[in-house]
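Chemist: have a look; sequence and predicted model below, questions after that.
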Amino acid sequence: MSDEPLPSAESEAAPDEPDETPEAPARPPAPAFKFSTFLLTFLFVMGIYMLVDQPARNGVAEALNSILLPVIGFGYQYPLLTMFIAAALEMLATAIAYNYTTDWIKQAKVAKWNTAFRKVQMEALRSGKKDRIAALKPFQQRLTVLSSEVSIAQLKGMAVTWFLVIAIYTWVGIFIHAAYNYTVNGAAAPRDLITVGGSSVHLYLGLDGIAFLPLWFLVFSLYTIPSSIAFRRVLKHYWLQRHALTLAPTGPVGGGA
């Protein structure tokens, strides 16, 4: 047997190790508060609440009435003009909100990429080669994420639309009802009359045969649809034009000053 001493615990110890234990990974910072996100969320929730609760809906409409009636009420003299201005204001506000929350460049790029990807994907499916189909999966996942981001941005703009449509439609209904019951010195003097086909009809009562849907609702809807299309196209064109100007070259090479 060898007379060499047994190795001590110190000699068998592992090489020098750091005394300090590794620090825990830092937590990601909390997302910053955005007033715009809070406002959009509030309007969306408020719109749902107004839809199911009539007192809340009427309360918001009455608050609007104190602002809109003195400005565009015209003493109930011109109900069609009042509805037209209300529709224009509503659609202008929703178009601005939609334009603010929508990245038109990103939306156009994603639509273009989706079209190109579908073409390549169809060719891969027709070829029957699994490796080609598998190679497209990362691109498909990325496009799915981008498409969802575009859709979420559109939903943010819809929050304002949702709230204003309910509020303004309710206010117009209250306004037309007040015009129909308008009195002068205690005598009935309804001011919601319009002429259709040579005969006078009340906007509040509607046409014969469609009593379940008052005429003012149809007329106001006809005002809002073209107004929405016009305002959105104008704002989109204006925004894209400004973006194109920022990308235009300047100086002698680009022909600029």
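Modeler: That came in fine, so what should we check first? This structure is a prediction, so every number in the text was calculated from the model and none was measured.

Chemist: check contacts around A124.
Modeler: R132, I133, L136 (C-beta atoms under 8 Å, 6 or more residues apart in numbering). For every residue, glycine as well, the C-beta is placed using N, CA and C.

Chemist: leaving out chain neighbours, which residue sits closest to the second one?
Modeler: Going back to what we said before, that points to I133. A124 (5.1 Å; C-beta to C-beta, 6 or more residues apart in numbering).

Chemist: give me the buried entries from the contacts of A124.
Modeler: L136 (16 or more other C-beta atoms under 10 Å).

Chemist: and the closest residue to F84 other than its chain neighbours, how many neighbours?
Modeler: Closest residue to F84 apart from its sequence neighbours, by C-beta to C-beta, 6+ apart: Y223 at 5.3 Å. Using other C-beta atoms under 10 Å, Y223 has 19 neighbouring residues.

Chemist: quick check: Y223 is in a helix.
Modeler: Yes. According to DSSP: H, G, I helix; E, B strand; the rest coil, Y223 belongs to a helix.

Chemist: how close does the residue nearest to I133 get to R142?
Modeler: 16 Å (C-beta to C-beta, to the nearest Å).

Chemist: and if you look at V234?
Modeler: 33 Å.

Chemist: list the buried residues in the helix or strand harbouring F231.
Modeler: Per DSSP states H and E: F231 is located in helix 215-247. For helix 215-247, a neighbour-count test (16+ other C-beta under 10 Å) marks 215-217, 219-220, 223-224, 227-228, 231-232, 235-236, 239 as buried.

Chemist: show me what that helix is packed up against.
Modeler: Counting contacts by 3 or more C-beta pairs under 8 Å, 6 or more residues apart in numbering; DSSP states H and E, helix 215-247 packs against helix 79-101, helix 104-127, helix 137-180.

Chemist: mean confidence for it?
Modeler: Here helix 215-247 scores 85 as its mean pLDDT.

Chemist: now the residue sitting nearest the centre point of the chain. Nearest residue, chain neighbours left out?
Modeler: By C-alpha atoms, centre = their mean, the chain has its centre lying nearest to G157, at 1.3 Å. Distance criterion C-beta to C-beta, 6+ apart; nearest residue to G157, sequence neighbours excluded, is Y98 at 3.5 Å.

Chemist: for N181, grab phi and psi.
Modeler: phi -100, psi 20 (degrees, to the nearest 10).

Chemist: again but with R191, I slipped
Modeler: According to degrees, to the nearest 10, R191 has phi -120, psi 30.

Chemist: how close does T170 get to T115?
Modeler: Taking C-beta to C-beta, one finds T170 at 41 Å from T115.

Chemist: who's more crowded, these two?
Modeler: Taking other C-beta under 10 Å, T170 and T115 do not tie; T170 has more neighbours (20 against 9).

Chemist: re the thing from before, of the contacts of A124, which is the nearest to Y182?
Modeler: L136 (66.2 Å; C-beta to C-beta).

Chemist: tell me, how many neighbours does P138 end up with?
Modeler: 9.

Chemist: re the thing from before, residue contacts, the residue nearest to G157?
Modeler: Q154, G157, M158, V160, T161, R232.

Chemist: now with 10 Å?
Modeler: A153, Q154, K156, G157, M158, V160, T161, S228, F231, R232, L235, K236 (C-beta atoms under 10 Å, 6 or more residues apart in numbering).
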